[in-house]
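Colleague: Here is a sequence with its predicted model. Questions after.
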Amino acid sequence: MESIRKHKLIKKLLSLNLPLKDFAIFGSGPMFACGLKKQLRDIDIIARGKAWENALNHKDKEKVWSNGTVINFYGEKIQVASTWMYGGNLKTDQLIDNADVIEGIRFVKLDCVLAYKREMRRPKDKRHIKVIEKYLNGVRQI
């Protein structure tokens, strides 16, 4: 698999210069990082502290919405959120601190992505749930 850092959206995300310790990629991004998804059409970020402040003050931000908790960049291809509203009682600090670090970038654990997708249950989530469950069951058996 090619380096995650070479993907055009990951490059754009890294160009925002958010401190790596203060954000993690959520949504389908962790599936992409684990090779469970071939394409990455957008990136959802959970951010805190300096990463959130930098995003709020960034010259390239396009829109702040949802009561000031989500910021859009690059035609909504990158969304930075200060909280995650789905998937149970997931706290920002826990999601970031417990994230898997792949090529120096934090990706929210697949268990959390699974909880989120089980709650959302959109058509794409139903497909993703099956893929994640199969992957996690295989990893846990090793």
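Modeller: Structure's in. What do you need?

Colleague: Once you drop chain neighbours, what's closest to Ile102?
Modeller: Excluding its sequence neighbours, the residue lying closest to Ile102 (CB to CB, 6 or more residues apart in numbering) is Ala33, at 4.9 Å. Placement of C-beta: from N, CA and C, glycine included.

Colleague: residue contacts, the one you found?
Modeller: Shown in contact with Ala33 (CB atoms under 8 Å, 6 or more residues apart in numbering): 4, 25, 100, 102, 105, 107.

Colleague: Need the max-distance pair from those residues.
Modeller: Ile4 and Asp100 (11.6 Å; CB to CB).

Colleague: what about the strands in this structure?
Modeller: 23-26, 43-47, 63-65, 70-73, 78-81, 100-102, 105-107 (DSSP state E).

Colleague: Which one of those lies nearest to Val113?
Modeller: Between the strands of the chain, strand 23-26 lies closest to Val113; by CB to CB that is 6.9 Å.

Colleague: Quick one: neighbours of Pro123, just the number.
Modeller: Neighbours of Pro123 under the rule other CB atoms under 10 Å: 7.

Colleague: swap that for Arg122, please
Modeller: Neighbour tally, Arg122, other CB under 10 Å: 9.

Colleague: Could you check how far it is from Asn67?
Modeller: 23 Å (CB to CB, to the nearest Å).

Colleague: And for Leu95?
Modeller: Leu95 is 19 Å from Asn67, by CB to CB.
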